[in-house]
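Engineer: Below are the sequence and a predicted model for it; my questions follow.
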4 protein chains.
Amino acid sequence: MLISHFHTHMRIIWLMKVAVLGASGYAGGELVKLLDAHRHFEVAALGAHSQAGKRLADVHPHLGGGDRNLVPLDTDLGDADLVFLALPHGASAELGAKLLADGRSVVDLGSDFRMDTPERYESAYGTAHPLPDDLPNWVYGLPELFGDQLAGARAVAAPGCYPTASLLATAPLLAADAIMADGITINAVSGVSGAGRSLRDDLLYGSVDEGVRAYGVAKHRHRPEIEMGLDAFASRADTRVTFTPHLVPMQRGILATVTAPAADGVTEADLSGVLVAFAEPHPCVDVIDMPPQTRWVVGSNRVLLHAVLDIRTGQAIVMAAIDNLVKGAAGQAVQAANLMVGLDETAGLPLAGWMP
Amino acid sequence: MLISHFHTHMRIIWLMKVAVLGASGYAGGELVKLLDAHRHFEVAALGAHSQAGKRLADVHPHLGGGDRNLVPLDTDLGDADLVFLALPHGASAELGAKLLADGRSVVDLGSDFRMDTPERYESAYGTAHPLPDDLPNWVYGLPELFGDQLAGARAVAAPGCYPTASLLATAPLLAADAIMADGITINAVSGVSGAGRSLRDDLLYGSVDEGVRAYGVAKHRHRPEIEMGLDAFASRADTRVTFTPHLVPMQRGILATVTAPAADGVTEADLSGVLVAFAEPHPCVDVIDMPPQTRWVVGSNRVLLHAVLDIRTGQAIVMAAIDNLVKGAAGQAVQAANLMVGLDETAGLPLAGWMP
Amino acid sequence: MLISHFHTHMRIIWLMKVAVLGASGYAGGELVKLLDAHRHFEVAALGAHSQAGKRLADVHPHLGGGDRNLVPLDTDLGDADLVFLALPHGASAELGAKLLADGRSVVDLGSDFRMDTPERYESAYGTAHPLPDDLPNWVYGLPELFGDQLAGARAVAAPGCYPTASLLATAPLLAADAIMADGITINAVSGVSGAGRSLRDDLLYGSVDEGVRAYGVAKHRHRPEIEMGLDAFASRADTRVTFTPHLVPMQRGILATVTAPAADGVTEADLSGVLVAFAEPHPCVDVIDMPPQTRWVVGSNRVLLHAVLDIRTGQAIVMAAIDNLVKGAAGQAVQAANLMVGLDETAGLPLAGWMP
Amino acid sequence: MLISHFHTHMRIIWLMKVAVLGASGYAGGELVKLLDAHRHFEVAALGAHSQAGKRLADVHPHLGGGDRNLVPLDTDLGDADLVFLALPHGASAELGAKLLADGRSVVDLGSDFRMDTPERYESAYGTAHPLPDDLPNWVYGLPELFGDQLAGARAVAAPGCYPTASLLATAPLLAADAIMADGITINAVSGVSGAGRSLRDDLLYGSVDEGVRAYGVAKHRHRPEIEMGLDAFASRADTRVTFTPHLVPMQRGILATVTAPAADGVTEADLSGVLVAFAEPHPCVDVIDMPPQTRWVVGSNRVLLHAVLDIRTGQAIVMAAIDNLVKGAAGQAVQAANLMVGLDETAGLPLAGWMP
């Protein structure tokens, strides 16, 4: 009997109904994929703006269960207790507030509620926040840095992709005084999905393939978010970083390479030691002994960190690799949701990457 | 209380110990990834040949649990009831026979036991089979075509990647007499991982990127395997196909485009109807109403089929898309193993692909 | 003295003024690049439709001499004796006729004047030709097949990219009765630039990278053009081919893989012999002894051919590789122009490809 | 009469015979391609080490004139006045010295003669220089910085790819005191061809595609070369830079992103002004008003520069884009050779890039 080879154990599975609004974009599609495979969340509704009315399979042919339809954003979400918003910048503010008022929990993957102050918001986005009084209600949902605020939270703003990688590489070392705050330079490279699913000439295959370029130089809106995270985690004020993002010809993945003056007397072993101690309680973070390749985390919620001390210049060079659509967006949103409702942090989240 | 939102149900989980021999290659790495996420199989041992002794994380940095070590192929496998072999051509024959004699079940991802006769083997591989009398003991493990032989089987040869795609597109239509056997032309394109992890100049990034080429023209060893599958499923003898594989600059994915004369009076709706009826009981196969893109199945065990009738020439054009490392290798091996031990066919197998 | 090492000879260089209308697209940009490097053609005007008024450097940052401006299509072209049109389908008909009436010579890279009859045009494009009486005035400018019509011609329609590759692989063998007309199957793969510079979701990097798909199955508009070329070169009528194009993740390059029944008694050496004899007088065509990779011709006007006979099925398998933007568009237009004005066929045309 | 449209002028063409030793690698192949198209250099001999005896077409199928053979490195070079060496590190020293002693001129694309002192060489390569007394005989051949030393020179060491991009972005600003020497951070990304044509697991398509990683962090051998160039051009000593190179999934192209503290009172217009004044006499250098994409220079000897001032942190961010195999290797070698023998700097060098 084949069955005799098996070993038995039992598990009790809890289920919660959730909705995804903004399911037609890249982050939204990734969310649906993760939630469909999540044993504790059940997707009750999929909403979209311009794509409302289409079949999921026509918008995301790679997803199974494609006979589901996308409903308009103002559809009644029934008994969905938790709503994920994956909408363009500016589209979450009113909707997020309304969903909270309805008694639902919300994880916003957009940028509307990430900032701590209206001033910071305006410095990043150039306009006044539409609901400035609501900002304090939202938790900045980077579990490894601010996870203690997530248990029981009902309103969470999931961090941006560059800030996630940049902060995980920088914040632990800054908080431990292993690097100096003055002179932090972050160069990051990102796959193209970070720019979203937009019909722009510079996002055509013919514009992207076989080339690299910087963009948003000295004015990218993720810089204030990075500085906010450093201020908060390292208990500082007015931290300033130079941040230069680059677009490289690949679908996914961000590598943040942080260069910062090491504190006096700090060794390479000290740098690694701080990172290892930081990573220890965090199942999604691993410190490795070689520079990480983004491919190794593509498709996963894993973060790979590595630090080097440049003896000749005294600079610490710290690298962080993530998948911008998973740990930098949909996966992090699920991770935050897991913590909000008391599940294991990694429930439903793949931790193995992609090679080849 | 958060927990009040949850709905309770219970599941009983069975576990079986398995081993992977040949874990250092691309298919082996994919197997480890799938098995690590499989709730019913527990990886008890990972074996390798030249990479034995290394840490898994050094060979496959993308995999979690990287502190596991690769053991030599002749290591005692203890209580592993089922062994997956992902070894180079020729390396499975003796080892597979020995493992069977030890009372273990075996799924061989290699090519040693795929053929039905020593003659077919020799026509494909150019040498005599080392254990010709053993060939009848092995089931050709393409679940959608020969799944009734898998329940309870102890020795399964998982099909090659091109034959998987080619047969799923062709065999149902041939068996239904919707296409003619004379004049079947299969053009297939494959991502580079199909060639394995070999240090060859023509597999360097500098040789592959931004180019396409055919290879093995009129002599690829998967042609006899395709013909064998057609003979077996359509109850024919000496079916002959023209098979031309191509290498394209992508990691994964096979698209087989089959051109064959439609039978007299057959319409495009007839072609689709045969495929839809074939796919209906098979959870990994979907017929869609547009040409499938391989990206939509990358990372998944899903097969996408689509058929068109060319009115002007009377040819049926049938496309099948798979991930060569999942449905074409590791995923299919797990699918076969699921059926061998009585699990649900799709247990542990992702059915959503990758976009972007 | 350094100069003493030099050897002296003299050349007389002729110059002709030309214009490019439709300079903002991919083929137009490639034309400008080739013409800028051409010692006998001098670019006197660059025209565009929606991009008129912009600097060349803003539309094609890769081109030198970027301070030139794009003028509207109806600008007076002054003393430009020869005009290249690289406009979308349908935009060349009236304009081409007018330029001819002005006494200029025209090479049209578009599809308006490629067909020999209004019926063929309608079967390809689904609408009636706007100037059916003009069709006989235009030469189908595939130099290797119809070059004798180019010397002195004033109106030339440059062939499509797929027809160029398909015809060069098929027409010589068909005209030599080495393959049979019944059962010609052409599977072609193309880089993405063949689809032009259009803001379409399916041309985004996030839609194309790491995937392959067929498109236009059984209804692509290049099929009638291929059939026309075969009819003309092999002195046949109503040749029918099955043509399936595929999009692969690369910028440029087309590989056409033609499968056709070999004539009775024809050997592989016969196939190669026909191709070698065909290529001999044509400086852009080389027959090689292995399957060509498209990379080897990217950036060049070169065509690589290779033929195999499949003994088991009696099919000839013939491959042709070209750069779709050079030999399949801009390069071929220059090649035709060279012949029109009496220059060497390869003047200004690179014959070396790209690796890596 | 067609000919009546032509305008006549005359040119006198000089020819010099050259040889390429190390023609089988990527840089060597690119050299052959450039030299074949160069009207003043005629390739008299092609040498290789392990590939000697093979046809050029078997080693570089993309090159025309493939019936030429590769000869051993010790073959008599006859009347070749100028020899290009494109050999692995360490293989040029003895050979270069011997060729000079034979009365030939030499351009070495390798790294053996780039350094100004034995100490600098050892700090970069970890071993003592085999011919330390010869170092002063060689000119460091970066034409835009040290071009005045090239006219009439007989021994030129062509710079490395990263130093070329890094120095062109940094040296003009440092020499003009627009940036501070303390705190120069150079992050560079390179296409894969920079690593050469080596059979290494990390250069396989399956290892490179869809991923980014840093390498040689804090210890790359191009750092001392960059520092040497800055010392020499800015008349400094012991300049120190932090240099972090990254490998990205593309064939070619380097983007160097330099971050350095702007000098007090320097504005963004000042930064651009310095670069524009620097570029003015140099035909291969253009300053543009947006971040350059490497694709725009691929296939060309062009350099694109762009500078931004980050007001918030006071850092200058300067970008330089080159093709690592052209301006970073073979093209620069030809550019240097042009100046050595008194030709126009850009003779035979393409200045248009690649898109798409």
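Structural biologist: That came through fine. Predicted, not measured: the structure shown is a model, and the values here were computed from it.
Engineer: Assign the residue of the stretch 51-200 of chain A found nearest chain B to helix, strand or coil.
Structural biologist: Residue nearest to chain B within the stretch 51-200 of chain A: A:His62 (3.5 Å; C-beta to the nearest C-beta). Any C-beta I mention is one placed from the backbone N, CA and C, and that applies to glycine too. For A:His62, the assignment made with DSSP: H, G, I helix; E, B strand; the rest coil gives coil.
Engineer: Thought B:Trp296 was touching it, still the case?
Structural biologist: Yes - between A:His62 and B:Trp296 there is a contact at 4.0 Å, judged by C-beta atoms under 8 Å.
Engineer: quick revisit: could you give the number of residues near the closest residue to the residue of the stretch 51-200 of chain A closest to chain B other than its chain neighbours?
Structural biologist: Spatial nearest neighbour of A:His62, excluding adjacent residues (C-beta to C-beta, 6 or more residues apart in numbering or on different chains): B:Gly353 at 3.5 Å. Look at B:Gly353: counted by other C-beta atoms under 10 Å in any protein chain shown, it has 28 neighbours.
Engineer: Does B:Gly353 touch B:Val297 like I think?
Structural biologist: Yes - between B:Gly353 and B:Val297 there is a contact under C-beta under 8 Å: 4.6 Å.
Engineer: how about the residues of chain A that lie near chain C?
Structural biologist: Contact residues, chain A versus chain C (C-beta under 8 Å from any C-beta of the partner chain): A:26, A:192-193, A:197, A:199-201, A:203-210, A:249-251.
Engineer: Show me just the buried residues among the residues you listed.
Structural biologist: Neighbour counting with 16 or more other C-beta atoms under 10 Å in any protein chain shown marks A:26, A:192-193, A:197, A:203-210, A:249-251 as buried within the residues of chain A next to chain C.
Engineer: Filter those down to the ones in helices?
Structural biologist: Among these, the ones falling in helices (DSSP state H) are A:26, A:205-208.
Engineer: which two from these end up farthest apart in space?
Structural biologist: Using C-beta to C-beta, those reach their maximum pairwise distance at A:Tyr26 and A:Gly206, which is 19.4 Å.
Engineer: Let me know the pLDDT of A:His5.
Structural biologist: With respect to pLDDT, A:His5 scores 55.
Engineer: these two touch, right, A:Gly328 and A:Leu167?
Structural biologist: No - taking contacts as C-beta under 8 Å, A:Gly328 lies outside contact range of A:Leu167: 11.2 Å.
Engineer: Now list whatever residues contact both of these two.
Structural biologist: Common neighbours of A:Gly328 and A:Leu167 (criterion: C-beta atoms under 8 Å, 6 or more residues apart in numbering or on different chains): A:Pro159.
Engineer: who's in contact with the closest residue to chain C within the stretch 251-356 of chain A?
Structural biologist: Using C-beta to the nearest C-beta, A:Gln251 is the residue of the stretch 251-356 of chain A that sits closest to chain C, at 5.6 Å. By C-beta under 8 Å, 6+ apart, A:Gln251 lies in contact with A:191-193, A:298, B:354, B:356, C:205-206, C:209-210, D:210.
Engineer: okay, the residues you listed in a markdown table with distance to D:His306 next?
Structural biologist: What follows is the contacts of A:Gln251, written out as a markdown table (distance: C-beta to C-beta, whole Å):
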| residue | distance to D:His306 |
| --- | --- |
| A:Gly191 | 23 |
| A:Val192 | 21 |
| A:Ser193 | 25 |
| A:Val298 | 30 |
| B:Trp354 | 34 |
| B:Pro356 | 28 |
| C:Tyr205 | 22 |
| C:Gly206 | 26 |
| C:Asp209 | 26 |
| C:Glu210 | 30 |
| D:Glu210 | 27 |
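Engineer: Between all of the residues you listed, which two are separated the most?
Structural biologist: Largest separation among these by C-beta to C-beta: A:Val298 and C:Tyr205, giving 15.2 Å.
Engineer: circling back to that earlier point, can you list the ones in helices among the buried ones among the residues of chain A next to chain C in JSON lines and add distance to chain B and pLDDT?
Structural biologist: Shown next, in JSON lines, are these (distance: C-beta to the nearest C-beta, whole Å; pLDDT from 0 to 100):
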{"residue": "A:Tyr26", "distance to chain B": "6", "pLDDT": "95"}
{"residue": "A:Tyr205", "distance to chain B": "11", "pLDDT": "95"}
{"residue": "A:Gly206", "distance to chain B": "12", "pLDDT": "93"}
{"residue": "A:Ser207", "distance to chain B": "15", "pLDDT": "94"}
{"residue": "A:Val208", "distance to chain B": "11", "pLDDT": "95"}
